[in-house]
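Engineer: can you look at this prediction? I've put the sequence above it.
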Amino acid sequence: MSIESLGQLESRLQNLIDKLELSRMEVEDLRSANTRLEEENIQLKQELSAWGERVTALLGKLDIVTEEETSEQEAVA
């Protein structure tokens, strides 16, 4: 192998190492973003559950009011 070939090999290896390091940094950034999104997803699921409970409670109250009105109308009739 000539000195020129070794120089080209060294250059290619350095390029690959640089690309690998950039890829590692990108993976770390993506992992961080993924963790943040997973946490946000958990929070949104909790909020959705809370809203669902509120809606269920309001519908229950509405059913009670409707039943009371129906009973009163039947008593009057």
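Structural biologist: Everything's here; your move.
Engineer: what is the helix or strand where S49 lies packed up against?
Structural biologist: Assigned by DSSP states H and E, S49 belongs to helix 3-76. Contact partners of helix 3-76 among helices and strands, from 3 or more CB pairs under 8 Å, 6 or more residues apart in numbering; DSSP states H and E: none. The C-beta positions use only the backbone N, C-alpha and C, and glycine is treated the same way.
Engineer: and that helix, how far from the chain's centre?
Structural biologist: Taking the mean of its C-alpha atoms, helix 3-76 sits 1 Å from the chain's own mean (CA atoms, centre = their mean, to the nearest Å).
Engineer: what about that helix, average pLDDT?
Structural biologist: For helix 3-76, mean pLDDT rounds to 94.
Engineer: and the spatially most central residue of the chain, how far from L22?
Structural biologist: Central residue of the chain (CA atoms, centre = their mean): N41, 3.4 Å from the mean position. Distance of N41 to L22, computed by CB to CB, to the nearest Å: 28 Å.
Engineer: and for E53, the neighbour number?
Structural biologist: By other CB atoms under 10 Å, 10 other residues sit near E53.
Engineer: just K45 next, same as before
Structural biologist: 10.
Engineer: check E4 too.
Structural biologist: By other CB under 10 Å, the residues close to E4 number 8.
Engineer: just S71 next, same as before
Structural biologist: Neighbours of S71 (other CB under 10 Å): 10.
Engineer: before we move on, what about N15?
Structural biologist: As a burial measure, N15 scores 10 neighbours (other CB under 10 Å).
Engineer: what does G60 give?
Structural biologist: By other CB under 10 Å, 10 other residues sit near G60.
Engineer: same thing with E47?
Structural biologist: 10.
Engineer: who's in contact with it?
Structural biologist: For E47, no contacting residues are found, by CB atoms under 8 Å, 6 or more residues apart in numbering.
Engineer: okay, it and T70: tell me how far apart.
Structural biologist: 35 Å.
Engineer: can you check S23 too?
Structural biologist: Per CB to CB, S23 is found 68 Å from T70.
Engineer: kindly report the same for M25.
Structural biologist: 67 Å.
Engineer: before we move on, what about I42?
Structural biologist: 42 Å.
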